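*Asks:* Turn this into a model:
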Amino acid sequence: MSLPYFKENGWQAEVVAVASRYTDLPQDALLTESIPPDIKIHLVKAFSKSWTSKTGFGSIAYRSYWFIRKEVNRLLKAGGIDLIYFSTTQFQVCTLGAYWKKRFKVPYVIDMQDPWHTDYYHDKPKQQQPPKYKLSYRLNKYLEPKAMKEVGGLISVSESYIKILKERYPQIKDIPSATITFGSFEPDFEIAARHKNDFETLLIPGFKNIVYIGRGGMDMYDAVIPLFEALRQGLANDASLFGRIKLYFIGTSYAPAGQESPTIAPLAEQFGITAQVIELTARIGYYHTLIILQQADALFIPGSDDPQYTASKIYPYLLTHKPLLAIFNSQSSATGILHEFGAKHAYSYNKTPDLNAKIAGFFKDILNGDAHADAYDPAVIKKYSAQVMTKRQCDLFNLVIAETNDKGFRM
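*Replies:* Residues are numbered from 1 along each chain as shown. Down below sits the predicted model:
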């Protein structure tokens, strides 16, 4: 989303990425349509997961580490690179930043899109912990300080992530940092519209379909339970009316195909509303997601019980211009952003009074055809656009360059 706007801010970007054939995650070839044709992209190999996973290191970060190092070494030796920008949740590769800084004197910036080393799951039951959690926890505790040792700047989707890192590593407390979320990128909707007939619909006609597309997990139960309570009560009061609702939770698992486990359907079963709730664990492509959102009657976004959590997915939901219900922890930055846009049905599960009644009112408006998309503030839409967010990224890059006494604006 930033690539189309770097040049207008004085930066020329080159991308180093792992070739798609080395990943087992769902792929979306249409994503390349949004990349400017003049962007140089260097694709690297990765070791086969079929044998690295046997040692517990099946992550694409570990499998591609040496190939990324080799390719970036080649680019840095050629000269002309002023800054290295890590924008990935495969955080282990960020440890290369200190190596490149020492060897080539090139500063680096890390974009913390999620927490890296975190105690969040430490006191959670084993079934709520990610796979191989203990191994990952120990590795992350060891690797994160290596990446932070020489980092020149930090970007994060959440202010709290930066605060935690600066408290954890006092040597970086004064480096440039900025809270920059993923921006809204309207060209994506044009790409989706051109290919709307390429994807199957996942929604059942004849119902009022309310859709959430994104990961599931027990950490979202605090946000989902009020939704299910309101639906269960509605069915008890007027089964013929509320029986017309279908709630969709799509792409809820990050696990490889065939290994997904549902996390929302079991909760629906506890509430006795399985006929109204559909969980499809398999991930779908980004543009397929945009098309399904546009086909829905209304949209739902749940937040995590982790107060640091912010949902990057809120911008596609907002730009779809459908009736929207969002439920987050009151401390999540997403709540403030949604209110800034003017989202009427953005609530916090731990602070909103009469939450179930508000959700029931939202359901009734959808069922009666009285729900309309909120009129979002145009100034706020622009403020959170990818174009403006990219300028803020480049402003931070310039600060990092200035602090390292380097000149030039090529990345």
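*Asks:* Now do the same for residue 358: helix, strand or coil?
*Replies:* At residue 358 the chain is in helix, as set by DSSP: H, G, I helix; E, B strand; the rest coil.
*Asks:* what about it, distance to residue 352?
*Replies:* Residue 358 is 7 Å from residue 352, where distance means CB to CB, to the nearest Å. (Each C-beta comes from the backbone N, C-alpha and C, glycine too.)
*Asks:* now residue 10
*Replies:* 44 Å.
*Asks:* The two: which is more packed in?
*Replies:* Higher neighbour count among residue 10 and residue 352: residue 352, with 17 against 12, using other CB atoms under 10 Å.
*Asks:* mind checking which helix or strand residue 300 is in?
*Replies:* strand 298-302 (DSSP states H and E).
*Asks:* Downstream of that strand, the next helix or strand is which one?
*Replies:* That would be, after strand 298-302 and using DSSP H and E, helix 314-319.
*Asks:* what's that following helix in contact with?
*Replies:* Helix 314-319 is touched from outside by 181-186, 188-189, 289-290, 293, 299, 301, 324, 326, 334, 337-338, 341, 343, 376, 381, 384, with contacts defined as CB atoms under 8 Å, 6 or more residues apart in numbering.
*Asks:* Can you turn the buried part of those into a ChimeraX selection?
*Replies:* Buried members of the contacts of helix 314-319, defined by 16 or more other CB atoms under 10 Å, are picked up in ChimeraX with:
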select :181,182,183,184,185,188,189,289,290,293,299,301,324,326,334,337,338,341,343,376,381,384
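*Asks:* separation between residue 313 and residue 232?
*Replies:* In terms of CB to CB, residue 313 sits 26 Å off from residue 232.
*Asks:* My error: substitute residue 10 in the last question.
*Replies:* With CB to CB as the criterion, residue 10 and residue 232 are 56 Å apart.
*Asks:* ok, now residue 174?
*Replies:* Between residue 174 and residue 232 the computed distance is 52 Å (CB to CB).
*Asks:* Compare these two and say which is more crowded by neighbours.
*Replies:* residue 232 (18 against 9).
*Asks:* Can you give me the pLDDT of that one?
*Replies:* pLDDT recorded at residue 232 is 98.
*Asks:* all helices of the stretch 251-400 of the chain, in order?
*Replies:* 265-271, 286-295, 314-319, 333-341, 355-368, 378-383, 386-403 (DSSP state H, counting those that start in this stretch).
*Asks:* If you count contacts, what does the second one end up packed against?
*Replies:* In this structure, helix 286-295 packs against helix 187-194, strand 208-213, helix 314-319, with contacts taken as 3 or more CB pairs under 8 Å, 6 or more residues apart in numbering; DSSP states H and E.
*Asks:* Please produce TSV containing the ones you listed, extended by mean pLDDT.
*Replies:* As requested, these are exported to TSV (pLDDT from 0 to 100):
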stretch	mean pLDDT
helix 187-194	92
strand 208-213	98
helix 314-319	91
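*Asks:* how about those, which one is nearest residue 280?
*Replies:* strand 208-213 (9.1 Å; CB to CB).
*Asks:* Name every strand pairing with the closest one and say which way it goes.
*Replies:* The pairing partners recorded for strand 208-213 under DSSP bridges are strand 245-250 (parallel), strand 298-302 (parallel).
*Asks:* which of these is buried the deepest?
*Replies:* strand 298-302 (a mean of 24; mean count of other CB atoms under 10 Å).
*Asks:* any idea of the angle it forms with helix 355-368?
*Replies:* 160 degrees (axes from the mean of the first three to the mean of the last three CA atoms, to 10 degrees).
*Asks:* what comes into contact with strand 298-302?
*Replies:* Strand 298-302 is contacted by residues 208-212, 214, 220, 223-224, 227, 247, 293, 311, 313-314, 317, 320, 322-328, 334, 362, 366, 371 when judged by CB under 8 Å, 6+ apart.
*Asks:* and it, how far from the chain's centre?
*Replies:* On the basis of CA atoms, centre = their mean, to the nearest Å, strand 298-302 sits 15 Å off its chain's mean C-alpha point.
*Asks:* Kindly report the same for stretch 22-38.
*Replies:* How far stretch 22-38 lies from its chain's middle: 16 Å, per CA atoms, centre = their mean.
*Asks:* For that stretch, C-alpha coordinates in PDB please.
*Replies:* The C-alpha trace of stretch 22-38 is given here as PDB (Å, rounded to 0.1, in the frame of the first residue of the first chain):
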ATOM      1  CA  TYR A  22       8.200 -21.300  -1.000                       C
ATOM      2  CA  THR A  23       5.100 -20.600   1.100                       C
ATOM      3  CA  ASP A  24       2.200 -22.900   2.000                       C
ATOM      4  CA  LEU A  25      -0.100 -20.000   2.800                       C
ATOM      5  CA  PRO A  26      -3.000 -19.000   0.500                       C
ATOM      6  CA  GLN A  27      -1.800 -16.800  -2.300                       C
ATOM      7  CA  ASP A  28      -3.500 -13.900  -4.100                       C
ATOM      8  CA  ALA A  29      -1.900 -13.100  -7.500                       C
ATOM      9  CA  LEU A  30      -4.000 -10.000  -7.800                       C
ATOM     10  CA  LEU A  31      -2.000  -8.300  -5.200                       C
ATOM     11  CA  THR A  32       0.700  -7.600  -7.800                       C
ATOM     12  CA  GLU A  33      -1.700  -5.400  -9.700                       C
ATOM     13  CA  SER A  34      -1.500  -2.700  -7.100                       C
ATOM     14  CA  ILE A  35       2.400  -2.500  -7.300                       C
ATOM     15  CA  PRO A  36       3.800   0.200  -9.600                       C
ATOM     16  CA  PRO A  37       5.600  -1.400 -12.500                       C
ATOM     17  CA  ASP A  38       8.800   0.600 -11.900                       C
END
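*Asks:* Give the rounded mean pLDDT of that stretch.
*Replies:* pLDDT averaged over stretch 22-38 gives 88.
*Asks:* Could I get the pLDDT score of the nearest residue to residue 17 once chain neighbours are set aside?
*Replies:* The shortest distance from residue 17 to any non-neighbouring residue, by CB to CB, 6 or more residues apart in numbering, is to residue 43 (6.0 Å). Residue 43 is assigned 97 on the pLDDT scale.
*Asks:* Same check on residue 114?
*Replies:* 76.
*Asks:* next one: the one 5 residues further on
*Replies:* The predicted local distance difference test score for residue 119 is 59.
*Asks:* Please apply the same query to the one 3 residues further on.
*Replies:* Per-residue confidence for residue 122 comes out at a pLDDT of 63.
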